[in-house]
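Asker: okay, sequence plus prediction incoming.
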Amino acid sequence: MASRRGRARRPGRLSLSRRFVVAGGLAALLAPAAEAAPIAVLARRLPLSETDEAPDRLGPLRFMGALDLRADHPDFGGFSGLVLDADLTLHAVSDRGAGLTARLVLDQAGAPAGLAEPRLFPLLGSRGRPLGRGAWGDAEALARLPDGRFLIAFERQHRIMRHDGLDRPGRPVPAPPGLAAAPRNGGIEALTVLADGQVLAIAERLAGSAPDTVAAWLGPPDGRAWQRRDWHIGEHFVPVGAAALPDGGVLVLERRFAWLSGFASRIMRLEAASLAAPVLTGVEIARLEPPLLADNFEGIAVAPAEEGLHVVLISDDNFFALQRTLLLLFRYDAA
């Protein structure tokens, strides 16, 4: 008789570790969706600038309107990741472990007028339990796969989760190599699914291998074959959001903060051909800084428009009284 150590495993039987994986997957599939809280979102229109000489364009971006969003709910705010569907359904995640879905309403001129049917709900872990407001619920980036599922990147407990629906339990995706070394508040903030189906992830403050860069990765949605890249930074800006373009390129949102000058943001465009380079270097196409509307913009999304593309920005108010949840809409002639 073979020893216990050398005994062959019976065909068709799962190891104990694989049983837990399968059981966890079944639990995620069978777990109910998160319960949405009914909320009313008040939207106040804002000009792009408080001055009389407000521009109507930022480079190739035509300004369509801005909204100051407020809701009487303790978990409304802190939005860092953003996705916009073709029908203008908006999806966002917050650093308090919450998800938001709503439909962006436009007036006859194409300007944003408010949010319809807003739903706020807790993000769920792999066992179907709310992640909560602690370190495990700090959602910072959101992307949507071609099959409709979502990818969410989290900070503090650095990881990427895949959700069948934003209100459904998540399952872990293999993290990019080296992500665990990111600063507690400097993990993946820019995440998007490219036109060819690959995923681009960029860390906010994890130093890259080249000077003046931060770590970035390119790989398939299953996270099995990440390729290392670096994202070039400058002028004290850091990457905080990304949105894929139909032509294979990417818009990357960057943010800068200084105590004297406050917040500033810029939008960088990376061409599809440049994704093969070891260091990804974008070209600035627009900048938001005082006296224009400036806040902690961390989410960017792109969707088709009748002419060109919709580009939407959303700000993370950090649940701080002196900041706001701002939503800006631009029309982009990508050509």
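Answerer: Right, received. Where do you want to start? Numbers count the residues shown, from 1 in each chain.

Asker: and the strand or helix carrying residue 215, which strands flank it?
Answerer: Element membership for residue 215 (DSSP states H and E) is strand 213-219. With DSSP bridges as the test, strand 213-219 is paired with strand 199-207 (antiparallel), strand 227-232 (antiparallel).

Asker: kindly provide the whole-number mean pLDDT of it.
Answerer: In this model, strand 213-219 has an average pLDDT of 98.

Asker: low-confidence ranges in the stretch 51-200 of the chain?
Answerer: Low-confidence regions of the stretch 51-200 of the chain, defined here as pLDDT under 70, cover residues 52.

Asker: please report the distance of the closest residue to residue 271 other than its chain neighbours from residue 316.
Answerer: Closest residue in space to residue 271, ignoring its immediate chain neighbours: residue 249 at 5.0 Å, by Cβ to Cβ, 6 or more residues apart in numbering. Any C-beta I mention is one placed from the backbone N, CA and C, and that applies to glycine too. Applying Cβ to Cβ, to the nearest Å, the value for residue 249 to residue 316 is 25 Å.

Asker: the more surrounded of these two?
Answerer: Neighbours were counted for residue 249 and for residue 316 using other Cβ atoms under 10 Å; residue 316 has more, 26 against 18.

Asker: report pLDDT for the more buried one.
Answerer: In this model, residue 316 carries a pLDDT of 97.

Asker: give me every residue that touches it.
Answerer: By Cβ atoms under 8 Å, 6 or more residues apart in numbering, the contact list for residue 316 reads 77, 78, 79, 80, 94, 95, 296, 297, 298, 299, 323, 325.

Asker: among the residues you listed, who's most crowded?
Answerer: Result: residue 299 is most packed of these (other Cβ under 10 Å), 30 neighbours.

Asker: host element of that residue?
Answerer: strand 297-304.

Asker: and the helix or strand harbouring residue 113, what's buried?
Answerer: Per DSSP H and E, residue 113 falls inside strand 112-122. Within strand 112-122, the residues scored as buried using 16 or more other Cβ atoms under 10 Å are 112, 114, 115, 118, 119, 120, 121, 122.

Asker: quick revisit: which one of the contacts of residue 316 sits closest to residue 60?
Answerer: residue 297 (17.9 Å; Cβ to Cβ).

Asker: for that closest one, which residues make a bridge with it?
Answerer: Beta bridges link residue 297 to residue 315, judged by DSSP bridges.

Asker: wait, what's in contact with it?
Answerer: Counting by Cβ under 8 Å, 6+ apart, residue 297 has contacts 240-241, 253, 255, 263, 265, 288, 313-316, 326, 328.

Asker: appreciated, that's everything.
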